[in-house]
Every structure is written in structure tokens, then in C-alpha cells.
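**Q** attaching a predicted model along with its sequence, questions to come.
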Amino acid sequence: MKRESTLPGAELSARERSAIFEAQSVLAFDEHFVAPRNGYKGAKDYYETNSALRFLHSIRVPTLVVHSLDDPWIPGESYTRFPWRENDSLVPLLSPGGGHVGFHGRGSRVPWHDRSIALFFESRGASPPP
């Protein structure tokens, strides 16, 4: 029985492989690989279509938004410019540090973001999901 080396749909064309290896920035990677692979015109189209900022105004359930202002991939200005007070369902937790998904706790095995999420649920009288 022959085993596949990649999952169906995960194969890369020569052009895609080249785009990945030649990318010198996240923007170049998204422009030349991510966007075309997923049917977008380019990185700008991909970012505008998928930006969470497009959906924040319509959220109607209590939602904790966790982001690090020094995230090298997603600019903190996107979150500091958002008018949080216009939607009472949103609770921004904007950390000055943490990088990209790097909210690890010092002196604790439980990451900072996990503790923050648990406190968010507890403050609303709910249990966090399993």
C-alpha cells in the first residue's frame, strides 16, 4: 500500500514553492502565496476581506478581544483606532507586549491569555468552554 506524503490539496505547484522560498516578508508571502492560493486578488484583498475589524461592530454577545500591541504581524494600531465604546459587547484586552500569540505566563504553567479568558467567563457568571 502506497502512503501519500501530503494530504490531498496540500500539494504545492512549482510557482507556489518558489513564492514561499522567495518571500522576504509576511506581506510578500501573503501577496504571492496565501492570497492566490485562496482565490484572492492579492494581499490587500485578502486582508480587507478577512479583517476582524469588518465584523466587530456587529457582534452582539460578550466577546473578549485579546491582542498584543507589539504583534509583528497584525499592527496594534488597528485595535487602538477601533471605537470600542460603540459596542458594549466587546471587551478589549490590549496588552503592550506579547508578540504574535505569545501570551505565556511567567511563573505559571497556565498561559496569561488562558487565565484572562477564564476570568472573563467568571466575571459573567459562566464557565469557560472545556
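**A** Happy to help now that I have it. Predicted model only: the values in this text are computed from it and were never measured.
**Q** drop to CA atoms for contacts and neighbour counts, all remaining ones
**A** Fine.
**Q** can you list the domains in the protein?
**A** Split into domains by automatic domain parsing, the chain comes to 14-50, 54-123.
**Q** neighbouring contacts of stretch 77-94?
**A** 53, 56-57, 59-69 (Cα atoms under 8 Å, 6 or more residues apart in numbering).
**Q** show me what the single longest helix found in the chain is packed up against.
**A** Longest helix of the chain, by residue count under DSSP state H: helix 112-123. For helix 112-123, the packing partners by 3 or more Cα pairs under 8 Å, 6 or more residues apart in numbering; DSSP states H and E come out as strand 63-68.
**Q** and the strands in the chain?
**A** 63-68, 90-95 (DSSP state E).
**Q** in JSON lines: those strands, plus distance to G39, mean neighbour count and mean pLDDT.
**A** Output for the strands of the chain, formatted as JSON lines (distance: least, Cα to Cα, whole Å; neighbours: other Cα atoms under 10 Å; pLDDT from 0 to 100):
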{"stretch": "strand 63-68", "distance to G39": "27", "mean neighbour count": "18", "mean pLDDT": "93"}
{"stretch": "strand 90-95", "distance to G39": "31", "mean neighbour count": "16", "mean pLDDT": "94"}
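**Q** now do stretch 73-90: distance to the chain's middle.
**A** 14 Å (Cα atoms, centre = their mean, to the nearest Å).
**Q** circling back: buried stuff in the longest helix of the chain?
**A** W112, H113, I117, F120, F121 (16 or more other Cα atoms under 10 Å).
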